[in-house]
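Chemist: Next one to model:
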Amino acid sequence: MNSLQTENSSDVNKRVSVSRFEWIQLISTICIPIVITIYTIVQNQSDQSIAESNRIKDIEIADASRSAELETAKENRFNEILIAEKSREKDRELSLDQQRQTILVEYHSFLTKILMEFGTTGNKEENVRLVIRITTITALSQWDATLFSSSYLDFADFSFATARTPICFDNDRETKIDFSSTSLVNSTFYRSIFIAADFSNANLTFANLRYLYCRDCTFVSTLLIHVDLSFLHMFSTFYKTYMCLFLSTTLNNVIAHSARLSSGNFTDSNWTNVRASDIVFKNNTLSYLTMKHCFLSNSKLYDTIFRNTTLYDVDMLNNSLQNVTFINNYMENINFRDIHCKFCYFTNTQLKKIIFTHASFIHSSFLHSHVNITQLIEETKVLINVTLPNGTIIF
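Modeler: This is a model prediction of the structure:
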């Protein structure tokens, strides 16, 4: 009995052992392909990643190479343009040199003719001196239009000089007279005629500009101190496009009787002790201007704008104003006696110590301005269709 049990137990153990081996063999048979498959997938992904990385590097290298080639081509093109521009500049200089040589030869011939005809005493005759002066100035202006720039021409006499340079299509005026940054103290421009002349940053102290005719001229940051501008005629042919520029210009102790100023821009200018009468002021812009102790009587102002200006102690006796606008201004101690103002608009303007005696205001407005209404009504001679600061209209 015991032997039988032992034999049975041995058979069971053998079957269990065989069963385990079969399971291990089965699991091995299943796992090995799975592992191989996983390895293959991982390896393929790694190879693809490496290939993608190499492809990106190749693209970056190609882009860098292309950018370098484009930059090189751009630099070469720029160098070619510079070389061409230098060549054109050289040709231009050669052409100008030839023109100057021709002008110089003609001028020498003129002087030789004068010497042969009048001798060395010819300069004592007034008419001969005048001809020599005009010819000399004309020759100099033609010889080099920028000759006067940054020069010292104190006491120079440009009387009756003529420099006509009409504007054609743009603002490039290579042949204009250039007095920029030039010292012109005590100089004379009596009855001179200039077109598109540049007086920017020039010093015109004690200069004589009587009867000067100046069209489309520029006076930016110019010093006009103790200058005579009487009978000056200054205007622009292209209003609001090529205005006569007086930006940041200083006018101190200036005389300007019977002057004509049209289409000018006087922004940031400073007027002190300006004495003028019978002037005509038309189509001008005066922004951020300071005007003190000035006398402007019997004058006419048309289509002019005063914006953000300061006017103190200004005598405008018997002036005629039409379509004149005052915006955001400070005006104190102003003499409007006998003034005739038609279509004048005072907007957001302070008017203090104003003399309105016998003044006339027609179709005008003081809306949103500070003014003594009682004084305005009592002192003025005529108020027709005038809007008061409070909105009341006097018909």
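
Chemist: Output the longest helix belonging to the chain.
Modeler: The helix spanning the most residues in the chain, taking DSSP state H as the definition, is helix 2-118.

Chemist: Confidence-wise, which helix or strand of this structure is lowest on average?
Modeler: Using mean pLDDT, DSSP states H and E, the weakest-scoring helix or strand in the chain turns out to be helix 126-143, at a mean of 61.

Chemist: Which strands or helices does the longest helix of the chain pack on?
Modeler: Under the contact criterion of 3 or more CB pairs under 8 Å, 6 or more residues apart in numbering; DSSP states H and E, helix 2-118 touches helix 126-143. Every residue, glycine included, has its C-beta placed from N, CA and C.

Chemist: and residue 26, how many residues sit next to it?
Modeler: Around residue 26 sit 10 other residues, with neighbours defined as other CB atoms under 10 Å.

Chemist: quick check: domain ranges of the chain?
Modeler: The chain breaks down by the TED database into domains covering 32-101, 136-167+174-394.

Chemist: Return the residues in contact with residue 251.
Modeler: For residue 251, the set of contacting residues under the criterion of CB atoms under 8 Å, 6 or more residues apart in numbering consists of 224, 225, 227, 269, 270, 271, 272, 274.

Chemist: try it again with 6 Å
Modeler: When contacts are counted by CB atoms under 6 Å, 6 or more residues apart in numbering, residue 251 touches 224, 271, 274.

Chemist: isn't there a strand covering the second one?
Modeler: Yes. Residue 271 sits within a strand when classified using DSSP: H, G, I helix; E, B strand; the rest coil.

Chemist: That one contacts residue 291, doesn't it?
Modeler: Yes. With the criterion set as CB atoms under 6 Å, residue 271 and residue 291 qualify as a contacting pair; they are 4.4 Å apart.

Chemist: Under the pLDDT cut-off, which ranges of the stretch 201-350 of the chain? List them.
Modeler: 238-243 (pLDDT under 70).

Chemist: go again using 50 as the cut-off
Modeler: Low-confidence regions of the stretch 201-350 of the chain, defined by pLDDT under 50, span residues 239-242.

Chemist: If you count neighbours, what's buried in the host helix or strand of residue 334?
Modeler: When secondary structure is defined using DSSP states H and E, the element that contains residue 334 is strand 330-335. By neighbour count on 16 or more other CB atoms under 10 Å, the buried set for strand 330-335 is 331, 334, 335.

Chemist: Out of those residues, which comes closest to residue 320?
Modeler: For residue 320, the nearest member of the buried residues of strand 330-335 is residue 335. The distance, counting by CB to CB, is 14.6 Å.

Chemist: Report the beta-bridge partner residues of that closest one.
Modeler: The bridge-partner assignment for residue 335, based on DSSP bridges, gives residue 315, residue 355.

Chemist: who's in contact with it?
Modeler: For residue 335, the contacting residues are 315, 316, 317, 355, by CB under 6 Å, 6+ apart.

Chemist: can you rerun that using 8 Å?
Modeler: The contact partners of residue 335, taken as CB under 8 Å, 6+ apart, are 314, 315, 316, 317, 355.

Chemist: What is the burial count for the fourth one?
Modeler: Look at residue 317: counted by other CB under 10 Å, it has 17 neighbours.

Chemist: roughly how far apart are it and residue 271?
Modeler: When distances are taken as CB to CB, to the nearest Å, residue 317 and residue 271 turn out to be 17 Å apart.

Chemist: re earlier: return the entry from the contacts of residue 335 with the maximum number of neighbours.
Modeler: Taking other CB under 10 Å as the neighbour criterion, residue 316 ranks highest of these with 24 neighbours.

Chemist: hang on, that one packs against residue 298?
Modeler: No. No contact is recorded between residue 316 and residue 298 when judged using CB atoms under 8 Å, the distance being 9.6 Å.

Chemist: shared neighbours, the two?
Modeler: Contact criterion CB under 8 Å, 6+ apart; no residue bridges residue 316 and residue 298 by contacting each.

Chemist: Around the closest residue to residue 192 other than its chain neighbours, count how many other residues there are.
Modeler: Computed as CB to CB, 6 or more residues apart in numbering, the closest residue to residue 192 that is not its neighbour in sequence is residue 161, at 4.5 Å. Residue 161 sits with 23 neighbouring residues when counted by other CB under 10 Å.

Chemist: confidence score at residue 161?
Modeler: For residue 161, the model assigns a pLDDT of 73.

Chemist: My guess is it contacts residue 190. True?
Modeler: No. Residue 161 is not in contact with residue 190 according to CB under 8 Å; the separation is 9.4 Å.

Chemist: in the sheet, who's paired with the closest residue to residue 235 other than its chain neighbours?
Modeler: Take residue 235 and drop its neighbours on the chain: the residue closest to it by CB to CB, 6+ apart is residue 262, 3.8 Å away. Note on residue 262: beta-bridge partners by DSSP bridges are residue 282.

Chemist: Check the one 10 residues further on too.
Modeler: According to DSSP bridges, the residues that bridge with residue 272 are residue 252, residue 292.

Chemist: Distance of it relative to residue 312?
Modeler: According to CB to CB, residue 272 and residue 312 sit 10 Å apart.
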